[in-house]
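In: need the 3D shape of this:
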Amino acid sequence: MDILANYGTTLILVAAFFGFLMAIGIGANDVANAMGTSVGSKALTVKQAIIIAMIFEFAGAYLAGGEVTDTIRKGVIDTSLFAHQPEVLVYGMMSALLAAGTWLLLASYMGWPVSTTHSIIGAIIGFACVAVGTEAVDWASVQGIVGSWLITPLISGIFAYMIFISAQRLIFDTDKPLMNAKRFVPVYMFITTMVIALVTIKKGLKHVGLHLSNGEAWVASVAFSALVMVGGYVYISRKFANTVNDEKDSRGFTGVESIFSTLMVITACAMAFAHGSNDVANAIGPLSAVVSTVENLGEIASKTSIAWWILPLGGIGIVVGLATLGHKVMATVGTGITELTPSRGFAAQLATASTVVLASGTGLPISTTQTLVGAVLGVGFARGIGALNLGVVRNIVASWVVTLPAGALLAVIFYYMMQAIFGVGVSA
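Out: Numbering: from 1, shown residues only. Modelled structure (predicted):
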C-alpha cells in the first residue's frame, strides 16, 4: 500500500509508457488485418492504406474501444485475490504490457502476423500464475476466449466463402458481369455500411455522450447505409456509362474488379475501425487496471470508468506503429496466403470486419489475425485448395502457437524486475 502511495505517479507514468509501447506493437502488427488485403489486391497503395488506417484505427479506438477493455482488465484473472497486495496486480499488469509489447515489436520487425490478444492474455496468465498461483486465473473465462479463437476463424471463413460465392454467381459467372456489378455492388455497399454504422452508433457514440435506443440505432444505420448505396449506384453508373463492351472478356472483368476496388476502400475503412475498436483494449485494459488501482490507493474496484486520456493514448500508439513498422506484416498477409483480387479481398475484409465488430459488441476479445486468416482461407476454399499457399499458412499458425508462451515467459521475467525495482509490499 505504501508503495502505491510513494511511487503512484511514477507507476502510472511507466505504465502509460508500456501501454503506449504495446499500442505501437498492435499498430505495427495488426495493420495487416486492416489493410493487408487492400494492398495485396492492389486496391490501395501502401501509403494510401496507412493514411486510411491511421484515421479509422484511431476513430475506432476512441469511439468504440471501451466495451472490450472490461473483459481484458477483469475477466481473465480474479482481481479480488490481489486485495491485500494491490501493488502485485499493478506490477503484473505493467509486466504484461511490456511483455506483450516487446513480443509484438519483435514479431513485427520479423514480419510475423501474430495475435495481440494471445500476447496480452498469455502475459497476464503468466504473471498471475507466479504471483498468486493458478487459482488467480479465471479458467472458465479463458476457455470462453480460447473457444472464440477457434470459432471466429470458422465464422469469418464461412462469411467470406458466402460473400465470394455470391459475387461469383451474381456477377462474374454471368453473360454481362459489368452490368450486374452495377446492379449488385451497391447492395454490398449497403451491407458494409450497416456493419460499421451499427457498431458506431450502438457501441461507440455512448463514449461521447450520445445514447440512442435500439430502434433509433437501426433506423439511423439503415438511413445512412441507404444513402451510401444510392451514392454508390450513381457513382458506378456514371463511371461506366460509356462502356460499350460488356461481354465475358478481360475488359468486362477488369471493369468489375475496378468497381470492387472502390468498394475495397469502404471495407478497408470498416476493417480499420473494427480493428481499432477491438484491439485497443489489449493495450488499455491492463493500463486502466493500473491507473484505477493506484488512484484508489490500492482499492481494486469492481467497476471503474476509464480515464479520459487512456483511449487516445492507445489510439495514438496504434497510429505510430502503423506508420513505422506496419508495412512488414502487411506484405506477409497481403500477398502470402493466396492471390488476391479486389473482389476476393473485399469478401475477406467484409467477413473479417463483420466478425470482429460482432465480437467487440458482445465484449468478447478475439484475434483479428486469426479472423482474417480464416476469411482469406474461406475465399481460397471457394476457388479450390490449390489456390492456397499452405506453407505460408502453416508458418503463420506456428507463430500463433509460440506467441502465448512467449508472452507468459516475458511477463514472468519483467514481473520479477518490477519487484526488484519498486520493492514488495507487506500483506495486510
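In: list the helices and strands the helix or strand containing Ile24 packs on?
Out: Here Ile24, judged by DSSP states H and E, is contained in helix 2-31. For helix 2-31, the elements it packs on are helix 46-64, helix 86-110, helix 116-131, helix 250-295, helix 310-336, helix 368-383, helix 390-422, judged by 3 or more C-beta pairs under 8 Å, 6 or more residues apart in numbering; DSSP states H and E. C-beta: built from backbone N, CA, C; applies to glycine.
In: return the distance of the last one from the chain's centre.
Out: It refers to helix 390-422. 19 Å (C-alpha atoms, centre = their mean, to the nearest Å).
In: wait, what's in contact with the residue nearest to Asn29 when sequence neighbours are not counted?
Out: Once flanking residues are discounted, Asn29 sits nearest to Ser108: 4.6 Å by C-beta to C-beta, 6 or more residues apart in numbering. Ser108 makes contact with Gly25, Ala28, Asn29, Gly321, Leu325, Gly326, Lys328, Val329, according to C-beta atoms under 8 Å, 6 or more residues apart in numbering.
In: of the helices and strands packed on helix 2-31, which is nearest Phe18?
Out: helix 86-110 (3.9 Å; C-beta to C-beta).
In: and that closest one, what's its mean pLDDT?
Out: Across helix 86-110, pLDDT averages out at 91.
In: same check on stretch 404-423?
Out: Rounded mean pLDDT across stretch 404-423 is 90.
In: can you list contacts of that stretch?
Out: Here stretch 404-423 has contacts from 3, 7, 11, 87, 91-92, 94-96, 98-100, 102-103, 118-127, 129-131, using C-beta under 8 Å, 6+ apart.
In: likewise for stretch 182-191?
Out: By C-beta under 8 Å, 6+ apart, the residues outside stretch 182-191 that reach it are 163, 167, 170-171, 225-226, 228-230, 232-233, 236-237, 240, 259-260, 263, 266, 346, 350.
In: re earlier: out of the contacts of stretch 404-423, which end up buried?
Out: 3, 7, 11, 87, 91-92, 94-96, 98-100, 102-103, 118-127, 129-131 (16 or more other C-beta atoms under 10 Å).
In: sketch out the low-pLDDT regions of the stretch 301-428 of the chain for me.
Out: For the stretch 301-428 of the chain, the stretches flagged by pLDDT under 70 are 301-305, 360-361, 363-365, 424-428.
In: hmm, which two among the contacts of Ser108 are most spread apart?
Out: Between any two of the contacts of Ser108 (C-beta to C-beta), the greatest distance is 12.3 Å, for Gly25 and Lys328.
In: neighbour count: the two, which is higher?
Out: Between Gly25 and Lys328, counting by other C-beta atoms under 10 Å, Gly25 is the more crowded of the two (30 against 19).
In: centroid residue for this structure?
Out: His275 (3.0 Å; C-alpha atoms, centre = their mean).
In: dump the residue contacts of that one.
Out: Asp30, Asn33, Ala34, Glu57, Gly60, Val356, Thr368.
In: nearest to Leu388 among those residues?
Out: Asn33 (18.1 Å).
In: re the thing from before, residues contacting the closest residue to the residue nearest to the centre of the chain other than its chain neighbours?
Out: Closest residue to His275 apart from its sequence neighbours, by C-beta to C-beta, 6+ apart: Ala34 at 4.7 Å. By C-beta under 8 Å, 6+ apart, the residues touching Ala34 are Ala53, Phe56, Glu57, Ala268, Met271, Ala272, His275.
In: top of those by neighbour count?
Out: For these, the largest number of neighbours (other C-beta under 10 Å) sits with Met271, at 36 neighbours.
In: measure it to Leu325 for me?
Out: 19 Å (C-beta to C-beta, to the nearest Å).
In: just Ile3 next, same as before
Out: Relative to Leu325, and taking C-beta to C-beta, Ile3 is found at 35 Å.
In: low-confidence ranges in the stretch 1-150 of the chain?
Out: 1, 32-33, 64-75.
In: at 50 what do you get?
Out: Counting by pLDDT under 50, the stretch 1-150 of the chain contains no low-confidence residues.
In: do you know the pLDDT at Met162?
Out: Looking at Met162, its pLDDT reads 94.
In: ok, the closest residue in space to Val31 that isn't next to it in sequence - contacts?
Out: Among residues not flanking Val31 along the chain, Gly326 sits closest, at 3.6 Å (C-beta to C-beta, 6+ apart). In this structure, Gly326 makes contact with Gly27, Ala28, Val31, Ala32, Met35, Ile50, Ala53, Ser108, judged by C-beta under 8 Å, 6+ apart.
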